[in-house]
Every structure is written in structure tokens, then in C-alpha cells.
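In: Provided below for reference: sequence and predicted model.
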Amino acid sequence: MSAITVRVPAKVNLQLAVGPLREDGYHDLVNVFHAVSLFDDVTAAEPGDLGDPGRPIKVKVRGESAAEVPADDGNLAVRAAQALARSAGRSYRADLVIDKAIPVAGGMAGGSADAAAALVACNELWGLGLPVEDLMEIAADIGSDVPFALLGGTAVGTGRGERLTPLESSGVFHWVFALADGGLSTPRVYGECDRLREARGIGAPQPTVSESLLAALREGDAKELGRALCNDLQPAALSLRPSLARTLEVGLELGALGAIVSGSGPTCAFLAESQAHAADLAAALANDTVFEKDPAPTKDSAPSEDARLLRDAGLSEDARLSRSVVTAFGPVPGAGAVPN
Ligand SMILES: C[C@](O)(CO)[C@H](O)COP(=O)(O)OP(=O)(O)OC[C@H]1O[C@@H](n2ccc(N)nc2=O)[C@H](O)[C@@H]1O
Ligand SMILES: Nc1ncnc2c1ncn2[C@@H]1O[C@H](COP(=O)(O)OP(=O)(O)OP(=O)(O)O)[C@@H](O)[C@H]1O
């Protein structure tokens, strides 16, 4: 086979319970992953004319946000292909092309998705025939989110998020995602979570899975799921990017069943009642605007009040930032990273 393309979905975290900081620099988690229908495509091909012929694994990134993604050995897809070649004990070669649609540094695990797709694509291209269990082990060494990108569906991750158990779920959930300009660094958000807990004298609890979330998934109950969404990293993401508080609030005002920062953010996820409701919600959110410098809410004024005061103060249009909004459904049926 001279080229193989693998499609891989983004994720949203339905529950992200963050435990204490471990000695290895990670946090123990209960992490309920959910694959949604925003996809990257990763193609692995026999080496051609893609840049420096001296490098065995090369990469090209296409799409609107390509400039934000490393096109060298810092790319997670390249690191995954290199790790796979190492595990097979050979210096394999490949040209990787990533067609990027998942937001970059948006808390939707786009880089992890590309790494998982590169593992599946190179496993085929090089005829290695490794079983998924072996790919899972390599995946976990690349990043905590990578094993889920291989598995897909809905699953709970424990440990640092890499030990997965698939979860029973019925029906399809409809989502709206508000993408932000500029990403948030995952280690920085975890660091801010620790800092806030320390400053507020809150000890880190041992994370446990939410029974109401599990029941909502089993029953395919979107209203219950909306109520059960929960992300311990959200206060940290809001602390680093205060304008997200307003984005979440607007979504709820517009009738979302639940609103949450996705993983480490800054993408905000809104749960809708149906596909039609998701389309309406997306249109309404896209028409609304957020204030880039929205001040953090004070005790005496809700964020909506702050926003109105800013508007009344005649703040210039330049201070506004239109939201870029997309709809998606989840869970995506079948496995995570799969050949087209
Ligand atoms: C926020 C999430 O996306 C939720 O799914 C993940 O927990 C992050 O997973 P990821 O991007 O694959 O992260 P990794 O590449 O494994 O780790 C990057 C950094 O995030 C922090 N990190 C990550 C996972 C974890 N359980 N605890 C952490 O504290 C650590 O500072 C780590 O050095
Ligand atoms: N293939 C890739 N796609 C996107 N980013 C990549 C890739 N390879 C490396 N990166 C780097 O990783 C950083 C985080 O990217 P990514 O899009 O995976 O973030 P994220 O969605 O916030 O991750 P997570 O949800 O797993 O914490 C980017 O800023 C980029 O520099």
C-alpha cells in the first residue's frame, strides 16, 4: 500500500475530575471522554518530495490553522510515527499530511487525535499488523489523551487519563462548540488549577465518577447530561481567560441544556436538545459577541450586567470579538482513529 488516510474525531470531556498533583507531574483523573464529529484526516504515504529527504518522517499540515501547528519533529503525529518505528526496531520512512479541522490548543485533543491517526496509518503503511492493545501502549507514552483518540466512542479514563473503560451510552447528543481565538496551554491550566486550590485552601479530592452522568449517558437523557457536565479545570481556564465566563453564560441564556469549558479550554461546549436546536443555538451564539476584555464578574454584578454596562459605555466595536461556532454530534460511532 503506498498511502493510507485515517480519519480521527475530536473529544469533549463530559466530566473532568482532577485529583492531587502526583510526583511525576501529572494529576490523577476521572476523565469521561466523548468523541464528537469534528475530524482531522492524517495520510501516511511512501516518502516523496515533502521537504528534507534526510528526515525519515516528514509532515505537512493543511487547513486554516496550519500555521499554528509544528511541521517538524515537535508534531505529535511525527512523534507517534517515530515511536511506532522504534517499537518495531526499524528506521521506517513516511510522509505525513494532516488535514486539520480540529481547533488547535482548544482543549479538544487535536494533536492527540493526529498522533493516534498516525499510529493507525503507519501501522498499515509499514505492514506491521500490530494489534490495537500494542498501539494503545505506544499512544499512552505520547500523551494522556492519545489512547482515547484510538478508542473513540465514550469512555472513562483513570490514572492520568490513559487507562480506559468504554461506557454504555444510548442515542446521539447534539453539541455546539464556541471556538476562541488563541489557545490555552494544557500544563498552564493544570498549574493554575493547583494554584487556585492552594490559594483558596481547597485540598484536591480523590476523583470519582459522577453516577448521574453515567445514568444520563445510559438513558440517552440530554437534559440530565446537561446538568451533570462538570470540569474541575474550568475555574482555572476562566481565571486565565475571563471572557469565557460570558460565553458560557450566553449559551445558557440562549437555552443550552449545559455549558462547559472543553478540557483545558478555551473551546466552550454547549449541549442542545436536538440537531435543530443545535443549529438554532449555533446561529444565535454566532450572532452574539463577547468582549475580549470582559472584566471578571464581581460579587455585586453578574457578568451579563458587566457586559451591558460596557455596551452602555459605548465601547468600540473593536473591543468585540465575534464567536466562531460549529455544531457536532457525539458519540461518533465505531472506533476513534479509523482508515477512510
Ligand atoms: C486536559 C485533557 O485534555 C483532558 O482530557 C488532558 O488531561 C490533557 O492530556 P494531554 O494533552 O494528552 O496531556 P499530556 O501531554 O499527557 O500532558 C501535558 C501536561 O499536562 C499536565 N497533565 C496532563 C494530564 C494529567 N492527567 N495531569 C496533568 O497534570 C502535565 O503538566 C503534563 O506535563
Ligand atoms: N498535530 C498537531 N496538531 C495540533 N497541535 C499540535 C500538533 N502537534 C503538536 N502540536 C502542539 O501541541 C499544542 C497543543 O495542541 P492541541 O491542539 O492538541 O491542544 P489541545 O486540544 O488543547 O490538547 P488537549 O485537549 O489534549 O489538552 C499546540 O499548541 C501545538 O503547538
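Out: That came through fine. Ligands and ions are numbered 1, 2, ... in the order given.

In: Report the central residue of this protein.
Out: Closest residue to the average C-alpha location of the chain: Met108 at 1.2 Å, with CA atoms, centre = their mean.

In: gap between that residue and Glu64?
Out: 15 Å (CB to CB, to the nearest Å). (C-beta placed from N, C-alpha, C; glycine too.)

In: try Ser37
Out: Counting by CB to CB, the gap from Ser37 to Glu64 is 18 Å.

In: So which of these two has more stuff around it?
Out: Ser37 (17 against 11; other CB atoms under 10 Å).

In: Look at that one and report its pLDDT.
Out: As predicted, Ser37 sits at a pLDDT of 97.

In: Contacts only, for Leu240.
Out: Leu184, Arg188, Val189, Glu192, Gly265 (CB atoms under 8 Å, 6 or more residues apart in numbering).

In: The residue nearest to the centre of the chain looks like it's in a helix, true?
Out: No. Checked against DSSP: H, G, I helix; E, B strand; the rest coil, Met108 lies outside a helix; its state is coil.

In: Quickly list the domain ranges of this structure.
Out: As assigned by automatic domain parsing, the chain contains the domains 3-168, 173-330.

In: Distance to ligand 1 added to those, as a markdown table?
Out: Shown next, in a markdown table, are the domains of the chain (distance: least, CB to the nearest ligand atom, whole Å):
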| stretch | distance to ligand 1 |
| --- | --- |
| domain 3-168 | 3 |
| domain 173-330 | 4 |
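
In: Val338: which of those is closest?
Out: When those are compared by CB to CB, domain 3-168 sits nearest Val338, at 6.2 Å.

In: Quick one: residues contacting the residue nearest to Pro56 when sequence neighbours are not counted.
Out: Leaving aside its sequence neighbours, Pro56 sits nearest to Arg93 (CB to CB, 6 or more residues apart in numbering; 4.5 Å). Under the criterion of CB under 8 Å, 6+ apart, the neighbours of Arg93 are Glu46, Pro47, Pro56, Ile57.

In: Could you tell me how many residues sit around Ser239?
Out: So Ser239, with other CB under 10 Å, has 17 neighbours.
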